[in-house]
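S.K.: fold the following.
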Amino acid sequence: MLRMSLGLKEALSLTLEEIKPLAAEEVALVESIDRVAASDLYALVDSPSMDSSRKDGYAVLSHEVAHATAEKPVRLRLLGSLAAGEQKDISLKPGTAIKVLTGSRIPTGADAVVAEEFVKAADSEVVIEASAEPRNILRRGSDVASGRRILERGREISPIMAGLLAAAGHDRIPVFRNPVVGIIGTGDEIVEPGKPLGEGKLYASNIITVAGWCRRYGMKTRLATARDDHEALFNVIKILSEETDAVITSGGAWTGDRDMVGEVLDELGWRKVFHRIRVGPGKAIGFGLLEQKPVFILAGGPPSNLMGFLQIALPGILSLGGHANPELPRLNARLAFDIRESDPDWTDFFFGTLESTEALPYFHPMSKRSRLSSIVKAAAIVRIPEGQDCLREGSIVEVQLLR
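M.R.: Numbering: from 1, shown residues only. Now for the predicted structure:
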């Protein structure tokens, strides 16, 4: 087995060290969803902006109704009512109550609200049949307090977070620009999807798979193909690197007579960080910078192509878009049966499916094959780390989620 000095952990670390996020841009709040915050964001206002009622009821002095029951109710004079959004205030006096609706201001002097179902109202008075609850009051700033940090730089903005930002007074948000990714399929045998397929040819499926992952994270893509021809490959990489923020190549990544991607990048003047690491599948992956833009070399075999993308290229381009944790989400699962690797000095990856159970889900590893159809149903990935040669049936493992 070919020996390589660079392991997965070091390769990923080198990748993330070399990549700096793109410049920030300001977008409308509703356009910020699924984007990454480019700075810490703080609440500009208190929300709610005043003490308000959590429910329909009557604002009172709690000590006056502390012992109220249906058998021994307390009668109070009704001073008026307040609805949500009203700017007026009514001062509560001893022996009185004020009707409040959900979201309305708590009158000056009141310290609790009796829920409507415990009150009987007449024209000018109310009969209180239960004690009042201070918890029926939503205190000013209890949802968002002015000046409090509500979002950290590098965090993705969810729809719920966008709502909280709105409550905190924001309408435009600084986010990192999403990268435009150039994706190049190489090889005399590949044909762009949609064009006639000649004998011995195959469609460039890898570039569609990789582009689909980029689109999932909101990135735009530019797709191209190139023959196994030095000049053609040189021109395509040069043009796409000038027009995009990062380039990913598929195929031509190894050392055969027609594997010339690395050679072309050398001629273009890239700064190679690494090429080929101790992982399987996907060992042919390379990474470097061309005019300070990230370039990733991926193998042509679909499982190797996808694994190299998911483990190195995807974290790299997510980091370019400002993500603080630029890796696939993970969870614990129980291994359905033993898996082994041939060389404990390598990190070995297995695609697999997940079976839901009442406890931990079961991870069912898939057999390793070289075609896309063998992994199309994969829902997760498990790895045998360097230094181990197997994982045992029933053991608890950390899996990377694909869905």
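S.K.: please identify the buried residues of stretch 136-143?
M.R.: Neighbour counts using 16 or more other C-beta atoms under 10 Å place 136, 137, 138, 140, 141 of stretch 136-143 among the buried residues. C-betas here are computed from N, CA, C, even on glycine.
S.K.: wait, I meant stretch 95-110
M.R.: Neighbour-count burial for stretch 95-110 [16+ other C-beta under 10 Å]: 96-107, 109-110.
S.K.: centroid-nearest residue for this protein?
M.R.: For the chain, the residue nearest the mean C-alpha position is residue 156 (5.6 Å; C-alpha atoms, centre = their mean).
S.K.: give the contact list for it.
M.R.: Counting by C-beta atoms under 8 Å, 6 or more residues apart in numbering, residue 156 touches 34, 35, 36, 37, 323.
S.K.: tally of neighbours for residue 117?
M.R.: 10 (other C-beta atoms under 10 Å).
S.K.: check for me that it belongs to a helix.
M.R.: Yes. Judged by DSSP: H, G, I helix; E, B strand; the rest coil, residue 117 forms part of a helix.
S.K.: check it and give its pLDDT.
M.R.: At residue 117, the predicted lDDT confidence score is 92.
S.K.: if we can go back for a sec, which strand residues bridge the residue nearest to the centre of the chain?
M.R.: Note on residue 156: beta-bridge partners by DSSP bridges are residue 36.
S.K.: and residue 272, by the same measure?
M.R.: Counting by DSSP bridges, residue 272 is bridged to residue 288.
S.K.: list the contacts for it?
M.R.: Applying C-beta under 8 Å, 6+ apart, we find residue 272 in contact with 262, 265, 266, 286, 287, 288.
S.K.: can I have the buried ones of those as a PyMOL selection?
M.R.: Selection of buried members from the contacts of residue 272 for PyMOL, criterion 16+ other C-beta under 10 Å:
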select buried, resi 262+265+286+287+288
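S.K.: which residues does residue 165 contact?
M.R.: Residue 165 neighbours (C-beta under 8 Å, 6+ apart): 29, 32, 41, 150, 151, 157, 173.
S.K.: and if you look at residue 65?
M.R.: The neighbours of residue 65, taking C-beta under 8 Å, 6+ apart as the test, are 74, 76, 112, 114, 128, 130, 131, 132.
S.K.: and the gap between the residue nearest to the second one when sequence neighbours are not counted and residue 58?
M.R.: Using C-beta to C-beta, 6 or more residues apart in numbering and skipping residues adjacent in sequence, the residue nearest residue 76 is residue 97, 4.2 Å away. Plainly put, residue 97 is 4 Å away from residue 58 if you go by C-beta to C-beta, to the nearest Å.
S.K.: again with residue 80
M.R.: If you measure residue 80 against residue 58 using C-beta to C-beta, the figure is 11 Å.
S.K.: neighbour count winner among the two?
M.R.: The neighbour comparison of residue 80 against residue 58 (other C-beta under 10 Å) goes to residue 58, with 27 against 11.
S.K.: so the more buried one lies in a strand, does it not?
M.R.: Yes. Judged by three-state DSSP, residue 58 forms part of a strand.
S.K.: if we can go back for a sec, and which of the contacts of residue 65 is nearest to residue 300?
M.R.: Nearest to residue 300 among the contacts of residue 65, counting by C-beta to C-beta, is residue 112 at 70.9 Å.
S.K.: shaky segments in the stretch 251-400 of the chain?
M.R.: The model of the stretch 251-400 of the chain has pLDDT under 70 over residues 255-258, 370.
S.K.: strands of that one, residue ranges please.
M.R.: Using DSSP state E, counting those that start in this stretch, the strands of the stretch 251-400 of the chain run over 271-275, 279-280, 286-290, 293-298, 330-335, 339-340, 347-355, 362-365, 380-384, 390-391, 396-401.
S.K.: could you list the paired strands of the last one along with their orientation?
M.R.: Same thing as strand 396-401. When pairing is defined by DSSP bridges, strand 396-401 lines up against strand 330-335 (antiparallel), strand 380-384 (antiparallel).
S.K.: and of these, who's closest to residue 298?
M.R.: Closest approach to residue 298 among these (C-beta to C-beta): strand 380-384, 16.0 Å.
S.K.: output the closest one as CSV, nothing but the C-alphas.
M.R.: Backbone C-alpha positions of strand 380-384 (Å, rounded to 0.1, in the frame of the first residue of the first chain) are rendered in CSV as follows:
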residue,chain,number,x,y,z
ALA,A,380,-24.5,9.0,7.0
ILE,A,381,-20.8,8.3,7.1
VAL,A,382,-18.7,6.6,9.7
ARG,A,383,-14.9,6.4,9.9
ILE,A,384,-12.4,4.1,11.3
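S.K.: contacts for that strand?
M.R.: Here strand 380-384 makes contact (C-beta under 8 Å, 6+ apart) with 307, 310, 328, 333, 335, 339-341, 347-354, 363, 365, 390-391, 397-403.
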